[in-house]
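K.L.:
give me the fold of what follows.
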Amino acid sequence: MITRMEKQDTRSLTYSELTELRRRAVLAVQQGEAPKTVARVLGVHEMSLYRWLALYRNGGWHRLDAQKRGGRSPKLDAAMMRWVYKAVTLGDPGQMKMPFVLWSSKLLAQAIRAKFGVTLSKASVCRLLHQLGLSPQRPLWRAYQRDPAAVERWLKRRYPAIKAAAKRTGGEIWFGDEAGVRSDAHSGTTWAPVGHTPVVSTTGGRFGLNVISAVNRKGAFRFMCVDGKVNAEAFIAFLKRLVAGSGRTVHLVVDGHPTHKSVKTRRFVASLKGRLRLYFLPGYSPDLNPDELVWNNLKNHGTGRCVVTGPDQLRRLVRGHLLAMQKRPALIRSFYHSPSTEYAA
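P.N.:
Residues are numbered from 1 along each chain as shown. The predicted structure is shown next:
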């Protein structure tokens with residue numbers, strides 16, 4: 001954390017004061033603060049900060065000593081450092097007409113060479129990114145059809161209203177979803193000699209199983225396996241189980257799938273005379289639903305790591321894993337603590 005300072009003329013500082021200022025600025029960036037923010041807080045020009053970053057990259061902390069002069073010119077100067085930071089944080093390779101949307105050290109090296117004629121190794125690019133306070137992270141994928149204004153309304157107005165309604169009725173809020181599990185979906189890695197990809201034998205047949213589930217923030221979890229498609233009848237059957245298992249009003253949040261909005265579903269909900277209320281997430285926003293993480297866990301830590309030999313075995317695997325999850329309320333509660341679902345915790 002850095003303390004806000006007034007805009008200042010660094011020429012008025014002593015050598016030791018300027019050296020300390022440079023060190024604080026570079027350290028703040030390395031810890032993840034945006035260079036623009038650090039420059040504003042410390043009261044210096046943004047390009048001065050990128051120049052200090054270039055000096056550090058060229059020779060480490062001692063190159064930030066304000067009394068030192070000369071030395072070899074850095075391979076990447078202040079303008080180049082700023083371009084790299086903005087390219088990674090404000091765009092993606094696709095905007096540069098590359099056939100990918102995720103930055104890798106190799107792609108960034110290609111972009112730097114094309115832009116500035118400077119060749120950097122993979123290790124050098126990785127050091128550069130760390131020096132700029134950047135780290136490799138798994139991105140959140142979102143549909144371009146997503147409406148940011150609708151998401152904002154959900155977070156600021158719609159969901160708080162649902163919480164208030166649940167409190168008034170003494171009810172509880174659940175998040176529900178459906179997913180299909182396929183026999184040919186695999187995940188995970190295993191060890192093998194370098195250059196020799198291991199082979200796991202499994203059936204060539206393809207089959208699947210549909211599941212409906214719901215979670216709440218207290219760690220409760222309900223699910224139902226479905227033979228065939230998840231239609232209105234299957235969804236209503238699950239709703240009956242969910243309501244029967246709760247002695248309180250159920251406020252269920254789901255996506256806008258036609259099954260959830262069908263005439264049959266609406267009639268069933270109306271027949272319960274307020275014991276069940278349905279709410280719909282903004283379109284193309286699965287990341288707002290904690291129940292989505294049930295499928296992530298099931299596929300990456302359950303069925304995706306097993307050899308599936310037939311439909312009956314797939315059903316046993318799915319049920320077994322989901323039953324085990326029911327006995328781990330702490331795991332279910334953790335689904336409410338991802339960056340996009342913590343609003344509902």
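
K.L.:
what count of nearby residues applies to Gly228?
P.N.:
Other residues within reach of Gly228, judged by other CB atoms under 10 Å, total 9. Every C-beta, even on glycine, is put in place using the N, C-alpha and C of the backbone.

K.L.:
err, Leu155, not the other one
P.N.:
If we define neighbours as other CB under 10 Å, then Leu155 has 15 of them.

K.L.:
and it, how close does it get to Lys327?
P.N.:
Distance, Leu155 to Lys327, by CB to CB, to the nearest Å: 32 Å.

K.L.:
cool, and Arg277?
P.N.:
28 Å.

K.L.:
which of these two has more neighbours?
P.N.:
Using other CB under 10 Å, the more surrounded residue of Arg277 and Lys327 is Arg277, with 18 against 8.

K.L.:
return the backbone torsion pair for Cys306.
P.N.:
Backbone torsions for Cys306, taken as degrees, to the nearest 10, come to phi -110, psi 150.

K.L.:
list the contacts for it?
P.N.:
Applying CB atoms under 8 Å, 6 or more residues apart in numbering, one finds that Cys306 lies in contact with Leu317.

K.L.:
with adjacent residues omitted, what lies nearest to Asn252?
P.N.:
Residue 252: Leu, not Asn. Distances taken as CB to CB, 6 or more residues apart in numbering place Trp174 nearest to Leu252, at 4.9 Å, with adjacent residues excluded.

K.L.:
my read: that neighbour touches Val215, true?
P.N.:
Yes - under the criterion of CB atoms under 8 Å, Trp174 makes contact with Val215 at 6.7 Å.

K.L.:
what sits in contact with each of these two?
P.N.:
Arg222.

K.L.:
who has more neighbours, these two?
P.N.:
Using other CB under 10 Å, the more surrounded residue of Trp174 and Val215 is Val215, with 27 against 24.

K.L.:
for whichever strand or helix holds that one, buried residues please.
P.N.:
Taking DSSP states H and E as the definition, Val215 sits inside strand 208-216. By neighbour count on 16 or more other CB atoms under 10 Å, the buried set for strand 208-216 is Leu209, Asn210, Val211, Ile212, Ser213, Ala214, Val215, Asn216.

K.L.:
now do stretch 170-184
P.N.:
Within stretch 170-184, the residues that count as buried by 16+ other CB under 10 Å are Gly171, Glu172, Ile173, Trp174, Phe175, Gly176, Asp177, Glu178, Ala179, Val181, Ser183.

K.L.:
likewise for stretch 229-249?
P.N.:
Those would be Val230, Ala232, Ala234, Phe235, Ile236, Phe238, Leu239, Leu242, Val243, Ser246, Thr249, for stretch 229-249 by 16+ other CB under 10 Å.

K.L.:
next one: it to chain centre, how far?
P.N.:
30 Å (CA atoms, centre = their mean, to the nearest Å).

K.L.:
before we move on, what about stretch 105-116?
P.N.:
Taking CA atoms, centre = their mean, one finds stretch 105-116 lying 26 Å from the centre of the chain it belongs to.

K.L.:
who touches that stretch?
P.N.:
By CB under 8 Å, 6+ apart, the list of residues contacting stretch 105-116 from outside reads 76, 80, 83-84, 87-88, 93, 96, 98, 100, 118-122, 125-126, 129.

K.L.:
may I see the PyMOL selection of the buried members of those?
P.N.:
In PyMOL syntax, the buried subset of those is picked out as below (16+ other CB under 10 Å):
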select buried, resi 76+80+83+84+87+88+93+120+125+126+129
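
K.L.:
any stretches of this structure with poor pLDDT?
P.N.:
Within the chain, the stretches with pLDDT under 70 are 1-11, 70-71, 140-144, 186-192, 194-198, 200-205.
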